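Colleague: Model the following, please.
(one chain, ligands or ions: 1)
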Amino acid sequence: MNKFEYMEKYGYEQLVYLYDRNSGLRGFICIHNTTLGPALGGTRIWEYENEEDAALDCLRLARGMTKKAACAGLNLGGGKAVLIGNSKNLRKDTVKREAFWRAYGRYVETLGGRYITAEDVGTTPFDMTLVRQETDSVLGLPETSGDPSPFTAHGVIKGIKACVKEELGSSKLEGVKVAISGVGHVGASLAEMLAAEGAKLWISDIDQDALAEVSAKTGAIIVEPNAIYDLDVDVFAPCALGAILNDNTIPRLKAKIVAGSANNQLEDSNKHGVMLHERGIVYAPDYVINAGGLINVYQERIGYNRDSSIHAIDAIYDRIREIIRESKDTNVPTYLVADRMAERRIEMMRNINSIYVGK
Ligand code: NAD
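Modeller: Numbering: from 1, shown residues only. From the prediction side, this is the model:
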């Protein structure tokens, strides 16, 4: 991948390499667009096969954050950090862990507030307290908004209800069949919420302990990761990693609805977004349905209040319904309706920034 060509194609601002020999820190911070405000996006730590995969993931995730904030009506830009490593191993050495996250915090600080970080896959609120020792540009701390995952799950269930309402005629989840791929932080919370509302669940994961725990709590049926696509269910909820909707999986889906938390679910947005649309499958755009965690963390910037946060996340229900309706009215795939919604807000706000206010 030629990074400059990629950055030019999708309008990126900045890609920063991070390296600290002492703590083993290696990774990237990417700032996609700061028209609406500072770039906010979590820090992902993952064992990437190589540097190129990590850089591409960082670029893709940062762009998703721009759209996510824009669609959710937040005054934030899009950014992301991707670190190469194994978070479980890092946690075993407390001194190295502290050095790693403080070194990272110092690099975040050098960006002068252009990038604000928080948790993502592989990171915990405690890691963020270590980052906080070096920079104010970090949210999702235990004493304020904490782990975003239950809030993300809350938004996802609202989004599922919106899809179910549009497709099945009622937003009640009693008896609705849902297959969840990935029962980590978000997937496990979502499973519990769905079970509490009477949905019938199937789950898959590569982590057997996580599967056993969620199944015991919710009565969900465990299936092999590769068998989840073929199930005769109403809703397929991708809650693991990205690119899960692709040439191999889309033709196998029997679900009428795809609605889950994973970022970048479409392997190729244009190709696979159209493929779902042509198959008559309603796709809840990932960055719209999974914005609950971001909305919650954003509240820290304006004075954290849990009730206001939940209220703001509830709006995902109406937003998803609006997108599905516009898609049906115009015969435009949902992913494109959402992209246009994001682009419109960014363009509108870019233009108001051109008004001179005399200060
Ligand atoms: P997590 O790491 O806690 O959970 C991911 C789960 O997916 C793990 O249990 C993992 O074992 C499982 N998994 C990995 N590969 C799999 C496979 N091939 N098949 C089935 N399961 C597999 O992460 P999380 O915080 O729950 O986030 C899940 C997804 O939602 C990610 O894509 C993340 O970017 C996205 N997301 C999370 C949040 C949040 O608040 N945590 C917010 C927005 C988006």
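
Colleague: so Gly242 touches Gln265, yeah?
Modeller: Yes: between Gly242 and Gln265 there is a contact under Cβ atoms under 8 Å: 6.2 Å. Just so you know, the C-beta spots here come from the backbone N, C-alpha and C atoms, and that holds for glycine as well.

Colleague: Could you check which of these two has the larger neighbour count?
Modeller: Per other Cβ atoms under 10 Å, whichever of Gly242 and Gln265 has more neighbours is Gln265, with 31 against 17.

Colleague: which residues in the chain form helices?
Modeller: Along the chain, the segments classed as helices by DSSP state H run 3-10, 51-71, 87-92, 94-110, 125-132, 149-168, 185-196, 208-218, 269-278, 286-289, 292-302, 306-314, 316-330, 334-352.

Colleague: Mean neighbour count for those - can I get that in a markdown table?
Modeller: Formatted as a markdown table, these follow (neighbours: other Cβ atoms under 10 Å):
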| stretch | mean neighbour count |
| --- | --- |
| helix 3-10 | 12 |
| helix 51-71 | 23 |
| helix 87-92 | 14 |
| helix 94-110 | 18 |
| helix 125-132 | 20 |
| helix 149-168 | 23 |
| helix 185-196 | 23 |
| helix 208-218 | 15 |
| helix 269-278 | 17 |
| helix 286-289 | 28 |
| helix 292-302 | 24 |
| helix 306-314 | 16 |
| helix 316-330 | 18 |
| helix 334-352 | 17 |
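
Colleague: domains of the protein?
Modeller: Here the domain assignment for the chain is 3-63+76-132, 149-344, based on automatic domain parsing.

Colleague: out of the ones you listed, nearest to Gly358?
Modeller: The closest of the domains of the chain to Gly358 is domain 3-63+76-132. By Cβ to Cβ, the value is 21.4 Å.

Colleague: rewinding a little: please tabulate the domains of the chain in CSV, including the columns mean pLDDT and distance to the ligand.
Modeller: CSV is the format used below for the domains of the chain (pLDDT from 0 to 100; distance: least, Cβ to the nearest ligand atom, whole Å):
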stretch, mean pLDDT, distance to the ligand
domain 3-63+76-132, 96, 4
domain 149-344, 96, 2
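
Colleague: Switch the ones you listed over to a markdown table, and while doing so, append distance to Pro142 to every line.
Modeller: Conversion of these to a markdown table gives the following (distance: least, Cβ to Cβ, whole Å):
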| stretch | distance to Pro142 |
| --- | --- |
| domain 3-63+76-132 | 4 |
| domain 149-344 | 12 |
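
Colleague: Nearest to Ile352 among these would be which one?
Modeller: Of all the domains of the chain, domain 3-63+76-132 comes closest under Cβ to Cβ, at 10.4 Å.

Colleague: quick one: the closest one to chain centroid distance?
Modeller: 15 Å (Cα atoms, centre = their mean, to the nearest Å).

Colleague: Who are the contact partners of Leu74?
Modeller: With contacts defined as Cβ atoms under 8 Å, 6 or more residues apart in numbering, the neighbours of Leu74 are Leu36, Gly37, Leu294, Ile295, Tyr298.

Colleague: Can you say which of the domains of the chain is nearest to Tyr356?
Modeller: Of the domains of the chain, nearest to Tyr356 by Cβ to Cβ is domain 3-63+76-132, at 17.2 Å.

Colleague: Do me a favour and get the end-to-end distance for that closest one?
Modeller: Using Cα to Cα, to the nearest Å, one end of domain 3-63+76-132 lies 30 Å from the other.
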